[in-house]
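Engineer: structure for the following, please:
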Amino acid sequence: MVETRLIDGKAFAEGLRARIADEVTEFRARTAVTPGLAVVLVGEDPASAVYVRNKGKQTVEAGMASIEHKLAASASQDEVLALVRQLNADPAVHGILVQLPLPAHIDAQAVLATIDPAKDVDGFHVVNAGRLAVGLDALVPCTPLGCILLLKHHLGSLAGLEAVVIGRSNIVGKPLAQLLLREDCTVTIAHSRTRDLPEVCRRADILIGAVGRPEMIRGAWIKQGATVIDVGINRVAKPDGGTRLVGDVAFDEAQGIAGAITPVPGGVGPMTIACLLQNTLTAARRQVAGGA
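Structural biologist: A predicted model of the protein is given here:
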């Protein structure tokens, strides 16, 4: 039995946002340029609308310009692509984010592929994915970046540690594996076809759940003292008819086994927008002469 430490992503994200705000102030004083983040929202998905509103608020608080474009759910793919091309050409826009999911009649991959890779602050463009894979500088997806920052803050050097990532999405699993390799971890990507998944997980010094299945990862799957990063955010029913948020890890079962774990909510989630702001500042620095 070990004492399980909570990794407070909310507190870390607050500190990161404060540091970014200071760096933005310095950048603006030196270049006379305000980093600009453009967010495109298509349709009226309630969760997306709340997320976009939060992004806008935190962008302004960091001293950056928040530019929002809202299109009707009936907007055509050509209209969305034309807007993205307009933002690509706008020198006041340093970062572009198209809020997903998009309506079913719009090809999300076509939209993401149209974003200028230099302004792709979500890190989803194939150019940025390829640059990350071969070890070049790239804009990195925000959630994986947040996971790495939390891990390094908690553990220091990650070199030589065995990491298991459960989930192989382009948004989290694959880029996170690349970032862990960059930190000299030994990395396994596990998924629904992995044989004896519990045994694979028990090898991990760092165990990351990114599958979107509530409490799938049981306490018995966790190596004693391992650091557990829970990316999952799942809403499940409560006996009283309400709902609650849980991660991909059975949190209560992990207590006394994991050396440290991120809670849900309050773990990885708050890091995502903070890392989006970090990416926007990084993009602005690279686009503005003398901004490095």
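Engineer: what's the separation between the residue of the chain most remote from its centre and residue 214?
Structural biologist: In the chain, the residue that sits farthest from the middle, by CA atoms, centre = their mean, is residue 240; the gap is 32.4 Å. Counting by CB to CB, to the nearest Å, the separation of residue 240 from residue 214 is 18 Å. Placement of C-beta: from N, CA and C, glycine included.
Engineer: ok, residue 20 next?
Structural biologist: 32 Å.
Engineer: which one's more surrounded, those two?
Structural biologist: Neighbour comparison, residue 20 and residue 214: the larger count goes to residue 20, with 24 against 18 (by other CB atoms under 10 Å).
Engineer: buried sites along whatever helix or strand that one lives in?
Structural biologist: Counting by DSSP states H and E, the element that carries residue 20 is helix 9-31. By 16 or more other CB atoms under 10 Å, the buried positions in helix 9-31 come out as 9, 12-13, 16-17, 20-21, 23-24, 27.
Engineer: out of these, flag the one nearest to residue 220.
Structural biologist: Closest to residue 220 out of the buried residues of helix 9-31 is residue 9 (25.1 Å), distances taken as CB to CB.
Engineer: OK, contacts around that closest one?
Structural biologist: Residue 9 makes contacts with 146, 150, 262-263, 266-271, as judged by CB atoms under 8 Å, 6 or more residues apart in numbering.
Engineer: what's the answer for residue 152, then?
Structural biologist: 158, 183.
Engineer: what kind of secondary structure is residue 165 in?
Structural biologist: strand (DSSP: H, G, I helix; E, B strand; the rest coil).
Engineer: not counting its neighbours along the chain, what's nearest it?
Structural biologist: Nearest non-adjacent residue to residue 165, counting by CB to CB, 6 or more residues apart in numbering: residue 208, 4.7 Å away.
Engineer: burial count for the one you found?
Structural biologist: Look at residue 208: counted by other CB under 10 Å, it has 33 neighbours.
Engineer: how close does the closest residue to residue 238 other than its chain neighbours sit to residue 271?
Structural biologist: Spatial nearest neighbour of residue 238, chain neighbours left out: residue 244 (5.4 Å); criterion: CB to CB, 6+ apart. Between residue 244 and residue 271 the computed distance is 21 Å (CB to CB).
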